[in-house]
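[1] Sequence plus the predicted model coming up.
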Amino acid sequence: MKSKIEKFEDILAWQKSQELSKNIYKLFGGIRDYSFRDQICRASVSISNNIAEGFERKSKREFLMFLYIAKGSCGELRSMLYLAVDLSYINDKNFNLMYNQATEVSKIISGFIKYLQNSSFETF
């Protein structure tokens, strides 16, 4: 197991958010409400993209800012999942699977934020 993060692809939150995005695309790819589909897919992709962009900035302050944005996108995704089940776009089982996956990603990001806030380095 790697202990040092050398590239954003090494970040567990990025890896898990990529899995989440793939699942969201598979689940909503066939719905005909195109604006809803596009918005929920954009929210899911925003999570991993913000983690990647923040890491590439090579500044702790900026990375933290982008991690908070990624965490916000997790919230947006969970909010849209409630609407998706209310609109019968997904069933309760799929809601629970995606909601739990999004919650896990959010918790991983939160833990990473706390770790970075308590670390002494400013650039990497």
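    Arrived safely.
[2] To what extent is the closest residue to residue 4 other than its chain neighbours buried, counted in neighbours?
    Take residue 4 and drop its neighbours on the chain: the residue closest to it by CB to CB, 6 or more residues apart in numbering is residue 10, 7.9 Å away. In short, each C-beta sits where N, CA and C put it, glycine included. Here the number of neighbours of residue 10 (other CB atoms under 10 Å) works out to 13.
[3] do the same with residue 55
    Residue 55 has 21 neighbouring residues, counting by other CB under 10 Å.
[4] wait, is it part of a strand?
    No: remark: residue 55 does not belong to a strand; assigned using DSSP: H, G, I helix; E, B strand; the rest coil, it is helix.
[5] So for it, what's the pLDDT?
    In this prediction, residue 55 carries a pLDDT score of 97.
[6] quick one: it and residue 64 touch, right?
    No: Residue 55 is not in contact with residue 64 according to CB atoms under 8 Å; the separation is 11.0 Å.
[7] Quickly list what's touching both of the two.
    Shared contacts of residue 55 and residue 64, defined by CB atoms under 8 Å, 6 or more residues apart in numbering, are absent.
[8] now the helices for the chain?
    Taking DSSP state H as the test, the helices found in the chain are 12-28, 34-56, 60-86, 92-118.
[9] So which of the ones you listed is nearest residue 5?
    Nearest to residue 5 among the helices of the chain is helix 34-56; the distance by CB to CB comes to 7.7 Å.
[10] could you give the angle of that closest one to helix 92-118?
    Put simply, helix 34-56 runs at 20 degrees to helix 92-118, going by axes from the mean of the first three to the mean of the last three CA atoms, to 10 degrees.
[11] Quick check: phi and psi on residue 33?
    Dihedral pair for residue 33: phi -80, psi 90, per degrees, to the nearest 10.
[12] Now do the same contact list for the residue lying closest to it once chain neighbours are set aside.
    In space, and not counting its chain neighbours, residue 33 is closest to residue 89: 7.1 Å by CB to CB, 6+ apart. By CB under 8 Å, 6+ apart, the contact list for residue 89 reads 28, 31, 33, 36.
[13] Can I get the buried ones among the residues you listed as something I can paste into ChimeraX?
    In ChimeraX, a selection of the buried entries from the contacts of residue 89 looks like this (16 or more other CB atoms under 10 Å):
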select :28,36
